[in-house]
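In: quick check, what structure comes out for this input:
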Amino acid sequence: MHPKGMKRKTIFAGCLFQILSLAAKTTAPPVPGAEQIDLILHLVDGKRVGLVVNQTSVLGNPQRTHLLDTLLARGVEVRKIFAPEHGFRGTAEAGEWVNSHRDASTGLPVLSIYGKNKKPSAEQLRGIDLLIFDIQDVGVRFYTYISTMHYVMEACAENNKECIVLDRPNPNDYIDGPMRKEGFESFVGLDLIPVLHGLTVGELAQMINGERWLRTNPDRCKLRVVPLKNWSHGDPYLLPVAPSPNLPNHRAVRLYPSLGWFEATDVSIGRGTPFPFQVIGYPDRSCGDFSFTPHPMEGMDMNPLQNGRACFGLDLREYPFEGGLTLRFFLDFYRKTGGKASFFSRPEWFDLLAGNDELRNSITSGLSEQEIRLCWEKDLKEYKVLRRKYLLYPDER
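Out: As a prediction, this is how the structure comes out:
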């Protein structure tokens, strides 16, 4: 064959290989750590196991089985279940006290770590060798599952237990928002990370351990992460199971970082409706043409903000939202409702959600979103350098 013909053939073969490789990457679904059962069985062989799980701890699609049932069927000695906010079955309202009980299906004790204690106690850890954490996060600092993971790691460090984190994708895989500052530590912000931290739970666990953020002695735990397969940072991911009662679908999950701020105001974001975190409204007709009226909804919110009052504002269910974090909704309603400091009905709570008091002060000072973003630009640059130390998956952004 003529050299030019061979060259064309080589180029064609190379292009075909790249196309096939790209197709394989885009068609192969992510494989969560929980689905790598053979590896998990090896790690827990001969061990007494506790599970930190909820309704998202499932394997397979569409024939889903719970991690608990899968491990029991394979002969793993699961001794205890630890339940986070919203409970083992994910049916408790936000902030609702979760009670300990026995699981009706297996008879195993379900121990609450969202009640009188948020960290597993030494008594609760008695009789087990390791804890497995397998809960789907949404990538937002003030979503409390990652705080539960932090406390689980602390408990493991204090009591010389192993901690295994089964990794899952981040559906809000962005890096944005204000950093949590010293003096603003709370259950909606334990670690020094931005609102959108751009990590999986496995990567965040490694950061917590590596940066020695555990507030205990020793300040590191025996950590093992079972990583994902077929996933890279920036890949889209639709959650197969709702992560909590008021994030019922992908739209709510995507809007949650931008609408969560309203929880510290008198503006409703749809709690008490079938579409929470997908609408915004206030009892004033000047706020918009769309209206809704919150009412008690069992399993979601029995005492919703603006209960029984018609709220006017925005319907975001079909809104072309690009994802990530924006302040435009919040600043818009701040102006529509008078632009007063009293807009923040719970200012201390807002500061904990933000991780500092700078954001609230910037808003009340009349700064634009662009001006506000400049305030956290330097912190984000420094955080991105730190983040790269703990990445388990490619990030070409």
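In: for the closest residue to residue 60 other than its chain neighbours, grab phi and psi.
Out: Excluding the flanking residues, the one nearest residue 60 by Cβ to Cβ, 6 or more residues apart in numbering is residue 35, at 7.3 Å. In short, each C-beta sits where N, CA and C put it, glycine included. Here is the backbone geometry of residue 35 (degrees, to the nearest 10): phi -90, psi 0.
In: ok, residue 35 touching residue 59?
Out: Yes: between residue 35 and residue 59 there is a contact at 5.0 Å, judged by Cβ atoms under 8 Å.
In: would you check how far apart residue 335 and residue 275 are?
Out: Computed with Cβ to Cβ, to the nearest Å, the distance linking residue 335 and residue 275 is 24 Å.
In: between those two, point out the one with more neighbours.
Out: Comparing residue 335 with residue 275 by other Cβ atoms under 10 Å, the one with more neighbours is residue 275, at 17 against 11.
In: any idea how far the more buried one is from residue 327?
Out: Distance of residue 275 to residue 327, computed by Cβ to Cβ: 22 Å.
In: could you tell me how many residues sit around residue 41?
Out: If you count neighbours by other Cβ under 10 Å, residue 41 ends up with 13.
In: ok, now the one 5 residues further on?
Out: Other residues near residue 46 come to 6 when the count uses other Cβ under 10 Å.
In: repeat for the one 3 residues further on
Out: The number of residues packed near residue 49 is 21, by other Cβ under 10 Å.
In: just checking, next helix/strand downstream of the helix or strand it falls within?
Out: Assigned by DSSP states H and E, residue 49 belongs to strand 48-53. Remark: after strand 48-53, the chain's next helix or strand is strand 58-59, criterion DSSP H and E.
In: model confidence over that next one, on average?
Out: The pLDDT scores in strand 58-59 average 93.
In: so which elements touch it?
Out: Strand 58-59 sits against strand 65-66, helix 67-73, with contacts defined as 3 or more Cβ pairs under 8 Å, 6 or more residues apart in numbering; DSSP states H and E.
In: specify the stretch among these that is closest to residue 354.
Out: Closest approach to residue 354 among the helices and strands packed on strand 58-59 (Cβ to Cβ): helix 67-73, 34.1 Å.
In: what's the following helix or strand after that closest one?
Out: strand 77-83.
In: what's the next secondary structure element after that next one?
Out: Taking DSSP H and E, what comes next after strand 77-83 is strand 101-102.
In: show the subsequent helix or strand relative to the helix or strand of the chain at the bottom of the mean pLDDT ranking.
Out: Least confident element among the helices and strands of the chain, by mean pLDDT, DSSP states H and E: helix 3-27 (a mean of 44). Using DSSP H and E, the helix or strand that directly follows helix 3-27 along the chain is helix 37-44.
In: pull the CA atoms of that next one into PDB?
Out: Only the C-alpha atoms of helix 37-44 are listed here, as PDB (Å, rounded to 0.1, in the frame of the first residue of the first chain):
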ATOM      1  CA  ILE A  37     -19.800  -6.600  46.400                       C
ATOM      2  CA  ASP A  38     -16.900  -9.000  46.000                       C
ATOM      3  CA  LEU A  39     -14.500  -6.200  47.200                       C
ATOM      4  CA  ILE A  40     -16.800  -5.300  50.100                       C
ATOM      5  CA  LEU A  41     -17.100  -9.000  51.200                       C
ATOM      6  CA  HIS A  42     -13.300  -9.200  51.200                       C
ATOM      7  CA  LEU A  43     -13.100  -6.100  53.400                       C
ATOM      8  CA  VAL A  44     -15.700  -7.300  55.900                       C
END
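In: give the buried residues for that helix.
Out: For helix 37-44, a neighbour-count test (16 or more other Cβ atoms under 10 Å) marks 40, 43, 44 as buried.
In: reformat those residues as TSV; add pLDDT and distance to residue 50.
Out: Formatted as TSV, the buried residues of helix 37-44 follow (pLDDT from 0 to 100; distance: Cβ to Cβ, whole Å):
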residue	pLDDT	distance to residue 50
40	98	14
43	98	14
44	98	11
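In: any chance of those in JSON lines with distance to residue 110 as columns?
Out: Below are the buried residues of helix 37-44 laid out as JSON lines (distance: Cβ to Cβ, whole Å):
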{"residue": "40", "distance to residue 110": "21"}
{"residue": "43", "distance to residue 110": "23"}
{"residue": "44", "distance to residue 110": "19"}
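In: tell me the helices in this protein, going along the chain?
Out: 3-27, 37-44, 67-73, 122-125, 145-158, 201-210, 250-259, 328-336, 347-354, 358-364, 369-388 (DSSP state H).
In: chain center to the second one: distance?
Out: Chain-centre distance of helix 37-44: 25 Å, with Cα atoms, centre = their mean, to the nearest Å.
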